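Visitor: Give the three-dimensional model of this entry:
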Amino acid sequence: MLRSFITMSNSDTQITKKAKPSEIETKDTLSDLPECIILHTLSFLNAKHAVQTYVLSTRWKNLWKLLPTLRFDSIDFRLYKNFTKFVSRVLSLRSSSITLQALEFKREWGRLEPHLLKRIVNYTISHNVQRLGLWFYTVLAHIPPTMFSCHTLTHLKLATYPNGGHETLFPKSFNLPALTSLQLESFGFCVGDNDRAEPFSTFNKLNSLIITNCTLSGAGTLCISSATLMNLAMYTHFRRLDSIDLCTPSLCTFAFVGSPQKLSGSDVSSLKHVDIAVNKVDPPLLLLSWLQELPNIKSLTVSSTTLQVL
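Guide: I've put the predicted structure just below:
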């Protein structure tokens, strides 16, 4: 039973003052709301708190099983084993007829059991997930390949925090035809025989890309190649990166925070808005060469430290 994984604070049930009959609200206006509004409201809660609402009344007993969004966070549990049991129980009891619009899963510290990750991924794929966010404070030795073959996924966020270990390698092949938004943190991109890494060239609908603290598997060029990409942000200090090549004819905005390398804008004809924040450039003229590669921009925002470099 889920009750064994749910704790309610005593303060939630204590009555500190006896109310007069005239002060008692006899109508439960919250429960009278349409089901779609209640479910939308519960979708903003972590799964633990959403499930706890089943004690409110008979109307609420099974509402959580219809949630279109699930948010799991291990920080809500004192013991990790209780967290894993809770996740498995929720996935087992949730109505299988309801499409899963979004799922977020955060594992704070420690090892992540491969079978739990596999179950989460397989569950989301089988329920036609549209938005998936996974955060892990560990290195992922193996990502279930089914994660990268989901035809309904439109938004994907993947973050690993290796804590001094090797970054998780981003796969070379995937089939995500509906993906429009991608956020990656602490991943490694494989460099090919041509000394180039082109991890995003097969995303045919990609509109927004955010890269944070990613690396290359060897020295070479990171090629951002996409005919549909409109918004690109790079918050990173790349290691072993020789240059960045932007082949993005639809790109409108570009934000960069970190230590810039040589930039080549082979196709940035639509780029209009650029935001740059750097602390150190060696040589300083390298940053000026960036501006020469971006001749058609209409607005440029730079940090105060960037101005000092210039």
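Visitor: what residues go with each domain of this protein?
Guide: 69-179, 180-310 (automatic domain parsing).
Visitor: export the ones you listed to JSON lines and tack on mean pLDDT and distance to residue 62?
Guide: In short, each C-beta sits where N, CA and C put it, glycine included. Shown next, in JSON lines, are the domains of the chain (pLDDT from 0 to 100; distance: least, CB to CB, whole Å):
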{"stretch": "domain 69-179", "mean pLDDT": "84", "distance to residue 62": "8"}
{"stretch": "domain 180-310", "mean pLDDT": "84", "distance to residue 62": "32"}
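Visitor: Would you mind putting these into JSON lines with mean neighbour count alongside?
Guide: As requested, the domains of the chain are exported to JSON lines (neighbours: other CB atoms under 10 Å):
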{"stretch": "domain 69-179", "mean neighbour count": "17"}
{"stretch": "domain 180-310", "mean neighbour count": "17"}
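Visitor: In JSON lines: these, plus distance to residue 39.
Guide: Below are the domains of the chain laid out as JSON lines (distance: least, CB to CB, whole Å):
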{"stretch": "domain 69-179", "distance to residue 39": "9"}
{"stretch": "domain 180-310", "distance to residue 39": "23"}
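Visitor: Next, work out how far apart the residue nearest to residue 298 when sequence neighbours are not counted and residue 231 are.
Guide: Distances taken as CB to CB, 6 or more residues apart in numbering put residue 272 closest to residue 298, at 4.6 Å, once the chain neighbours are dropped. Separation of residue 272 from residue 231 (CB to CB, to the nearest Å) stands at 11 Å.
Visitor: Can you show me the helices along the stretch 51-200 of the chain?
Guide: 80-93, 114-126 (DSSP state H, counting those that start in this stretch).
Visitor: okay, stretch 104-120 in CSV with CA atoms only?
Guide: The C-alpha trace of stretch 104-120 is given here as CSV (Å, rounded to 0.1, in the frame of the first residue of the first chain):
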residue,chain,number,x,y,z
GLU,A,104,10.8,14.4,-14.3
PHE,A,105,13.1,12.2,-12.2
LYS,A,106,15.8,13.4,-9.9
ARG,A,107,18.3,11.2,-8.1
GLU,A,108,20.3,13.4,-5.7
TRP,A,109,23.4,11.5,-4.5
GLY,A,110,24.6,8.0,-4.8
ARG,A,111,24.4,5.1,-7.2
LEU,A,112,21.4,4.7,-9.5
GLU,A,113,20.1,1.2,-10.0
PRO,A,114,20.1,0.4,-13.8
HIS,A,115,16.8,-1.6,-13.5
LEU,A,116,15.0,1.5,-12.1
LEU,A,117,16.2,3.7,-14.9
LYS,A,118,15.2,1.1,-17.5
ARG,A,119,11.8,0.8,-16.0
ILE,A,120,11.3,4.6,-15.9
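Visitor: Could you shift the numbering so residue one becomes 2, and keep it that way?
Guide: With the count now opening at 2, the last piece we talked about shows up as stretch 105-121.
Visitor: Kindly export stretch 206-218 (C-alpha atoms) in CSV.
Guide: This file holds the C-alpha atoms of stretch 206-218, laid out as CSV (Å, rounded to 0.1, in the frame of the first residue of the first chain):
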residue,chain,number,x,y,z
LYS,A,206,12.8,19.4,-35.9
LEU,A,207,15.2,20.7,-33.3
ASN,A,208,14.4,24.3,-32.4
SER,A,209,16.1,24.9,-29.0
LEU,A,210,19.5,23.6,-27.8
ILE,A,211,21.2,24.2,-24.4
ILE,A,212,24.6,22.7,-23.7
THR,A,213,26.1,22.9,-20.2
ASN,A,214,29.5,21.7,-19.1
CYS,A,215,29.9,19.2,-21.9
THR,A,216,33.2,17.9,-23.4
LEU,A,217,34.7,16.2,-26.4
SER,A,218,36.1,12.7,-26.3
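Visitor: which residues sit in contact with residue 126?
Guide: 147, 148, 150, 151 (CB atoms under 8 Å, 6 or more residues apart in numbering).
Visitor: Of the residues you listed, which is the nearest to residue 101?
Guide: Of all the contacts of residue 126, residue 101 sits closest to residue 151, with 11.2 Å by CB to CB.
Visitor: tell me the contacts of the closest one?
Guide: Counting by CB under 8 Å, 6+ apart, the residues that residue 151 touches are 125, 126, 130, 133, 177.
Visitor: Nearest to residue 58, out of the domains of the chain?
Guide: Among the domains of the chain, if distance is taken as CB to CB, the winner is domain 70-180, at 18.6 Å.
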